[in-house]
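[1] Got a sequence here, can you build the structure:
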Amino acid sequence: MLTVRRADNNHAVTIDVHDQGTSQGGRRGGHRGKPKNGMSRRSLLLLAGAGGLVAAGGGAFFATRGGGDDDVPAADLSVTRPPGVAARPALWSQTFQPGHGWTAGGQGTASSNPNDTSVHSLGSQSFTATTAGNGVESFVRIQSMPPVDLTGRTIRLVFRVDDTTHLDNIVFYVGTQGFSDYYYWKVHTHSASDANYVGPGEWVTVNLQWADVAGASGRWTLSPSGVPSVKSGFTDMSFGVYDDKKGQVRYHLQAVELIKDTASAFPRGVVSITFDDSFASVYDLARPIMSEHKYRGTIYNISQAAGTDRYLSVKQMQALQDTWDWEMAGHAYSMDAHNAGYDQLTAKDVDKDLRKLRGWMASRGFRSENFAYPHGIFGATKDGIPIDRIAKEYFATARSIISETAESFPPAMPYRLKAVTGVTDDNLGDGDPVSVLTDVGGMLDRCAGNGDWLVLCFHQLATGKLEASTQISQKAFATVVEEIARRDIEVATVGEVLAHS
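    Prediction:
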């Protein structure tokens, strides 16, 4: 058994092979140090040998090397441990230590403990509450505090839900005069079938930007393009949780903080145009449109797809990287693993696929440190190991297809990067229409007006009849690109945006 000590910005966490939870271990999730013995993942893998058991980041991962693993020799395996992504320092912070002044309430609250010393990721306690199981809002809030200015600010929340089985949604409010005037953000809407940003029993960090504000009430308004009428003078804050009326939800609020927004880096926002699955149509149909504006994209590639029917060849990938400065990132090694989804594989098989993917990328000169989960799924493998824990051993970030709020940089959780996917022609009737991006007050207006990071995910372009929401016509894609250009929004690869953090 190997034990890895991971250093966070706030404290160190020792995790052994028996720990299969998904806790972030504090508000600085994603910032990783070296094991306490100073050895890299590569060294641990080589020492473990065939079938060796390696513990890293909280999961038990099996590593093999050599043994005829296709064309990826173990000696050439390029496994790196990037330095991590540092979080922005808090300019204002409430971490719910003794004397915090917040209270629980609402007809949806069954019980609460404002000074829970049994569960916390910062300091010595958190604020814990349990919903009543009636579908009515349970909240933790404060009123009449000294006025807070949110101009140029992003709200950072750190919280945990013990069991998400009956979680319906989470909302955050800022207001004044007992919430007679307020804005609200939809923090999370839970799905019974799709990937969820909030998982059971884990500390989650969410950044809320003005680009994400969902609505206003009272005297306050949002303009047609999504600009709030007021950004300062807030005296009330509330964290609201709703269950599904079928059972209770126990939750813990650890931090409400304000950090500097990112408009100083990208005053008109930034868009990353990404493509999953290595389709050749990206080279044939998307590249010429983007090249007209000198835009660069990020492609998350499937190794085994390279050079097969309808997919990019390695030479095309290398040309995109070396001639047009695109980013060649990772998506999966095996087509079977991609099609099944990592949640249908064992941890050993996921680890093997990621190891081979990283070796394949290195042997072909693809320098990206970024990855996208097959089907966007980062939950647990078939044998219960968190997929994002395995991914962080091979890549600096991992992208999902969750888009309930826009991404920020540095990202709140680098192994759950958010992205808008399924955008297709308005008349297809499947997926999201292009107008969600291009309409007045749509995602592009919000991005340009607030300086945030909007990650777009496309798959296959087509010139004929579309067959699924994973396809978009070349004409519709050109419309998206033109609308980005018209708003003077910068376009950068995922790697380039992360470099700014």
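[2] residues in contact with Thr165?
    Counting by CB atoms under 8 Å, 6 or more residues apart in numbering, Thr165 touches Pro200, Gly247. Every residue, glycine included, has its C-beta placed from N, CA and C.
[3] what do you get for Cys447?
    Contacts for Cys447 (CB under 8 Å, 6+ apart) come out as Ala211, Gly269, Val270, Val271, Ala406, Trp453, Leu454, Arg487, Ile489.
[4] how about the nearest residue to it, chain neighbours excluded?
    Gly269 (3.7 Å; CB to CB, 6 or more residues apart in numbering).
[5] what's the answer for Cys457, then?
    Thr421 (3.9 Å).
[6] one step back: pipe the contacts of Cys447 into TSV and attach pLDDT per row.
    Formatted as TSV, the contacts of Cys447 follow (pLDDT from 0 to 100):
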residue	pLDDT
Ala211	93
Gly269	94
Val270	97
Val271	98
Ala406	92
Trp453	95
Leu454	97
Arg487	97
Ile489	97
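[7] So which of these belong to strands?
    Val270, Val271, Trp453, Leu454 (DSSP state E).
[8] Confirm for me that Gly297 is in contact with Val494.
    No. Counting by CB atoms under 8 Å, Val494 is not a contact partner of Gly297; they are 9.5 Å apart.
[9] Which of these two has more residues huddled nearby?
    Val494 (29 against 23; other CB atoms under 10 Å).
[10] That one and Val455, how far apart?
    For Val494, the distance to Val455 equals 7 Å [CB to CB, to the nearest Å].
[11] any common contacting residues for the two?
    Ser272, Thr274, Arg399, Leu417.
[12] Now, those residues that are in strands?
    Per DSSP E, the subset of the shared contacts of Val494 and Val455 in strands is Ser272, Thr274, Arg399.
[13] Counting neighbours, which of the residues you listed comes out on top?
    Neighbour tally across those (other CB under 10 Å): the maximum, 31 neighbours, falls on Arg399.
[14] which residue ranges form the strands in the stretch 101-250 of the chain?
    103-105, 109-116, 126-131, 138-142, 153-161, 167-176, 181-189, 202-208, 215-217, 236-243, 250-260 (DSSP state E, counting those that start in this stretch).
[15] brain fart, the stretch 401-501 of the chain
    Counting by DSSP E, counting those that start in this stretch, the strands of the stretch 401-501 of the chain are 420-421, 423-424, 432-433, 453-458, 460-462, 471-473, 490-491.
[16] Give me the helices and strands touching the longest one, please.
    If you count contacts as 3 or more CB pairs under 8 Å, 6 or more residues apart in numbering; DSSP states H and E, strand 453-458 packs onto strand 270-276, strand 420-421, helix 443-450.
[17] Mind doing that once more with 10 Å?
    Packing partners of strand 453-458 (3 or more CB pairs under 10 Å, 6 or more residues apart in numbering; DSSP states H and E): strand 270-276, strand 298-302, strand 420-421, strand 423-424, helix 443-450, helix 474-486, helix 494-499.
[18] right, and those - which one's nearest Gln316?
    Distance to Gln316, taken as CB to CB, is lowest for strand 298-302 among these, at 9.8 Å.
[19] can you give me the angle the closest one makes with strand 453-458?
    40 degrees (axes from the mean of the first three to the mean of the last three CA atoms, to 10 degrees).
[20] Could you name every residue contacting both of Gly297 and Val494?
    Here Gly297 and Val494 have Ser272, Ile273, Thr274, Glu327 as joint contacts, going by CB atoms under 10 Å, 6 or more residues apart in numbering.
[21] Closest one of those residues to His252?
    Closest to His252, out of all of the shared contacts of Gly297 and Val494 and judged by CB to CB, is Ser272, at 32.6 Å.
[22] Contacts only, for the closest one.
    So Ser272 contacts 296-298, 327, 370, 399, 407, 417, 419, 453-457, 490-498 (CB under 10 Å, 6+ apart).
[23] Also Leu285?
    Contacts of Leu285 by CB under 10 Å, 6+ apart are Phe279, Gln460, Leu461, Ala462, Thr463, Ile472, Ser473, Gln474, Lys475, Phe477, Ala478.
[24] For the second one, report the pLDDT, please.
    It stands for Gln460. pLDDT for Gln460: 96.
[25] Give me the neighbour count for the closest residue to Ala492 other than its chain neighbours.
    For Ala492, ignoring the flanking residues on the chain, the nearest one in space by CB to CB, 6+ apart is Val270 at 5.5 Å. Val270 has 25 neighbours, counted by other CB under 10 Å.
[26] Wait, Val270 touches His500, no?
    Yes. In this structure, Val270 is within contact of His500 by CB atoms under 10 Å, at 8.4 Å.
[27] buried residues in the longest helix belonging to the chain?
    The residue-count maximum for a helix in the chain (DSSP state H) belongs to helix 347-363. Within helix 347-363, the residues that qualify as buried by neighbour count (16 or more other CB atoms under 10 Å) are 347-362.
[28] For that helix, name the packing helices and strands.
    helix 41-48, strand 52-56, strand 59-63, strand 298-302, strand 327-332, helix 335-340, strand 370-372, helix 387-391.
[29] give me that answer again for 6 Å
    Where contact means 3 or more CB pairs under 6 Å, 6 or more residues apart in numbering; DSSP states H and E, helix 347-363 is packed against strand 59-63.
[30] strands paired with the following helix or strand past the strand it packs on, and their directions?
    Downstream of strand 59-63, the first helix or strand assigned by DSSP states H and E is strand 92-94. Looking at strand 92-94 with DSSP bridges, its partner strands are strand 250-260 (antiparallel).
[31] Please state the offset of the partner strand from the chain centre?
    17 Å (CA atoms, centre = their mean, to the nearest Å).
[32] what does stretch 430-437 give?
    Centroid displacement of stretch 430-437 relative to its chain, using CA atoms, centre = their mean, is 21 Å.
[33] tell me the average confidence for that stretch?
    88.
[34] Tabulate the CA atom coordinates of that stretch in CSV.
    What follows is stretch 430-437, C-alpha atoms only, in CSV (Å, rounded to 0.1, in the frame of the first residue of the first chain):
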residue,chain,number,x,y,z
ASP,A,430,-32.9,18.5,-31.0
GLY,A,431,-30.2,19.9,-28.7
ASP,A,432,-29.9,23.7,-28.0
PRO,A,433,-30.4,26.1,-30.9
VAL,A,434,-27.6,28.5,-32.0
SER,A,435,-29.8,31.3,-30.7
VAL,A,436,-29.0,30.4,-27.1
LEU,A,437,-25.6,31.8,-27.9
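[35] which of the residues in it are buried?
    Under 16+ other CB under 10 Å, the buried positions of stretch 430-437 are Gly431, Asp432, Pro433, Val434, Val436, Leu437.
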